[in-house]
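I would like to see how this sequence folds:
(one chain, ligands or ions: 1)
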Amino acid sequence: MNAPHRAAAAAPLPFYQPLADECEVFEAAWRQQLPLLIKGPTGCGKTRFVAHMAARLGLPLFTVSCHDDLSAADLVGRHLIAAGDTQWCDGPLTRAVRAGGICYLDEVVEARKDTTVVLHPLTDDRRILPIERTGEQLAAPPGFMLVVSYNPGYQHVLKTLKPSTRQRFVALAFDFPPPAVELTVLREEGGADEALARRLVALATQLRRLGGYHLDEAVSTRLLVYAAKLIASGMAARTACRVALVEPLSDEPDTLAALMAVVDTQF
Ligand code: ADP
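Model prediction:
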């Protein structure tokens, strides 16, 4: 999770089809040294967007998938004992600060509350990272940017960003791409031809209408790309839709049957 990705000079940018003016907003926030919060459902393109922007700006990217055990020490670093010696080992946040790159904390609300202690001084005009264990205080260079994301749809009563944290970020709201954008994504990413991409997008629209009814989450662009890849590789469309679009969404037999009935209207 800690590996930085530095865009090689000639490497192509990770493909990203913009939805609106989010690329300009990201770049402006980075130039003004402001942290960014991206809100949106799972699989709608948040991570891809950050990877694309990091490459576009030529910045190393340090991505952390947050989980409920992730602590400040996991982000900042810790002393490790190797061959009887104690050595300090930087965590991904510290490495991003030192490198002047982007630190992307995916699903930041999952992380333990003690992480705010290190995030807050980095997200106001101090832009410093205090490393308590070593007594160091790192000043973030101009290139450094903190980007966090979360999915407001989970509706975890206990897991939401505190106002005192969220008010430190410029925020972008993401959602599933509009049909024209999703068509392009399915062609580029899923290898779908125009006709297949259109049918999948039409199906997604229908499935998403059902979404709020029994499902925690609607069918994502990521799952549509999976379905497109399976069909493009030769799998029967109905099977691909069942395994990529229907089964991942629910365990309830009635809900699965209702979703398959919608698939049957398209394929
Ligand atoms: P999130 O971080 O929101 O959970 P991802 O960024 O991992 O979602 O997106 C999931 C997949 O959906 C990506 O790997 C990519 O194939 C596709 N995708 C979604 N939106 C876009 C977009 N606007 N441009 C290009 N690919 C996209």
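
contact partners for the residue of the chain found nearest the ligand?
The ligand sits closest to residue 45 of the chain, with a gap of 2.6 Å, by Cβ to the nearest ligand atom. All C-beta atoms are positioned from the backbone trio N, CA, C, and that covers glycine. Shown in contact with residue 45 (Cβ atoms under 8 Å, 6 or more residues apart in numbering): 16, 19, 174, 177, 185, 221.

now render those residues as JSON lines, adding secondary structure and neighbour count.
Shown next, in JSON lines, are the contacts of residue 45 (DSSP: H, G, I helix; E, B strand; the rest coil; neighbours: other Cβ atoms under 10 Å):
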{"residue": "16", "secondary structure": "coil", "neighbour count": "19"}
{"residue": "19", "secondary structure": "coil", "neighbour count": "18"}
{"residue": "174", "secondary structure": "coil", "neighbour count": "18"}
{"residue": "177", "secondary structure": "coil", "neighbour count": "21"}
{"residue": "185", "secondary structure": "helix", "neighbour count": "23"}
{"residue": "221", "secondary structure": "helix", "neighbour count": "24"}
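
overlap between those and the residues near the ligand?
Among those, the ones lying close to the ligand by the criterion of Cβ under 6 Å from any ligand atom are 16, 177, 185, 221.

can you tell me the SS state at residue 168?
coil (DSSP: H, G, I helix; E, B strand; the rest coil).

and it, backbone torsions?
Torsion angles at residue 168 (phi, psi; degrees, to the nearest 10) stand at phi -100, psi 0.

what about it, neighbour count?
Residues contacting residue 168 under the criterion other Cβ atoms under 10 Å number 19.

again with residue 254
Applying other Cβ under 10 Å, we find 9 residues neighbouring residue 254.

where does it fall, secondary structure wise?
helix 253-266 (DSSP states H and E).

how about that helix: buried residues?
Under the neighbour-count criterion of 16 or more other Cβ atoms under 10 Å, helix 253-266 has 255-256, 258-259, 262-263, 266 buried.

determine which two of these are furthest apart.
Taking Cβ to Cβ, the two most distant members of the buried residues of helix 253-266 are 255 and 266; they sit 17.8 Å apart.

next, the residue nearest to the spatial centre of the chain: secondary structure please.
Nearest to the mean C-alpha position of the chain, by Cα atoms, centre = their mean, lies residue 47 at 3.2 Å. Here residue 47 takes the helix state, with states given by three-state DSSP.
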